[in-house]
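K.L.:
what follows is a predicted structure for the sequence shown.
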Amino acid sequence: MKRLVLIPALHRATHRVGLHLQERGPGVTQGEAHLLAHLHESGGESTVAELHQAWGHKRSTLTDIIDRLEKQGLARRSVAAEDRRSVLVQMTAKGRRVAAAVHRELAALERDVLAQVDGGARAGFDALTAAIESTSRGTAASPTRRRRAR
């Protein structure tokens, strides 16, 4: 049996980012933090469809994260003015402060990590993550694929 190499390392690294945020972040979960960081970089708002495309979460997971952000007073949902079928997620003033703190913490972590590797390592990482994303794209959406793979 061949041992897994990439997936366990990716899982550990992702878990470490979550622990880093838990230890140094502003008291939100990893999912909430990543959504807030995305909203921060998007000027404070995105549609649910844009968030889904950016993160690839199941819609129910994304809805749960947005619900929690709303309960904490960090975000609110509204109907998008340009397309009434779209739901817009906007940060509140409190959400902007928390998102800025999350973004600063993630930017510092990223800066410290990138300082330890050269451009070739970064290019390799980009190639690996792009390959994982393109190879696995759509596999979770097809129940017949899951059944056949068993």
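P.N.:
Great, that's in hand.

K.L.:
which strands and helices sit next to the longest helix seen in the chain?
P.N.:
Ranked by number of residues, the top helix in the chain under DSSP state H is helix 93-114. Helices and strands touching helix 93-114, by 3 or more C-beta pairs under 8 Å, 6 or more residues apart in numbering; DSSP states H and E, are helix 6-24, helix 30-41. Bear in mind the C-beta positions are built from the backbone N, C-alpha and C, glycine included.

K.L.:
can I get those in CSV with mean neighbour count, distance to residue 92 and mean pLDDT?
P.N.:
CSV is the format used below for the helices and strands packed on helix 93-114 (neighbours: other C-beta atoms under 10 Å; distance: least, C-beta to C-beta, whole Å; pLDDT from 0 to 100):
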stretch, mean neighbour count, distance to residue 92, mean pLDDT
helix 6-24, 12, 20, 91
helix 30-41, 21, 11, 93
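
K.L.:
nearest to residue 95, out of these?
P.N.:
The closest of the helices and strands packed on helix 93-114 to residue 95 is helix 30-41. By C-beta to C-beta, the value is 6.7 Å.

K.L.:
please export the C-alpha coordinates of the closest one as PDB.
P.N.:
The C-alpha coordinates for helix 30-41 follow below in PDB (Å, rounded to 0.1, in the frame of the first residue of the first chain):
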ATOM      1  CA  GLN A  30     -11.400  29.300  11.200                       C
ATOM      2  CA  GLY A  31     -14.300  29.300   8.700                       C
ATOM      3  CA  GLU A  32     -15.500  32.700  10.000                       C
ATOM      4  CA  ALA A  33     -12.000  34.100   9.900                       C
ATOM      5  CA  HIS A  34     -11.400  33.100   6.300                       C
ATOM      6  CA  LEU A  35     -14.800  34.500   5.200                       C
ATOM      7  CA  LEU A  36     -14.100  37.700   7.000                       C
ATOM      8  CA  ALA A  37     -10.700  38.000   5.400                       C
ATOM      9  CA  HIS A  38     -12.300  37.400   2.000                       C
ATOM     10  CA  LEU A  39     -14.900  40.100   2.700                       C
ATOM     11  CA  HIS A  40     -12.100  42.400   3.900                       C
ATOM     12  CA  GLU A  41     -10.300  42.000   0.600                       C
END
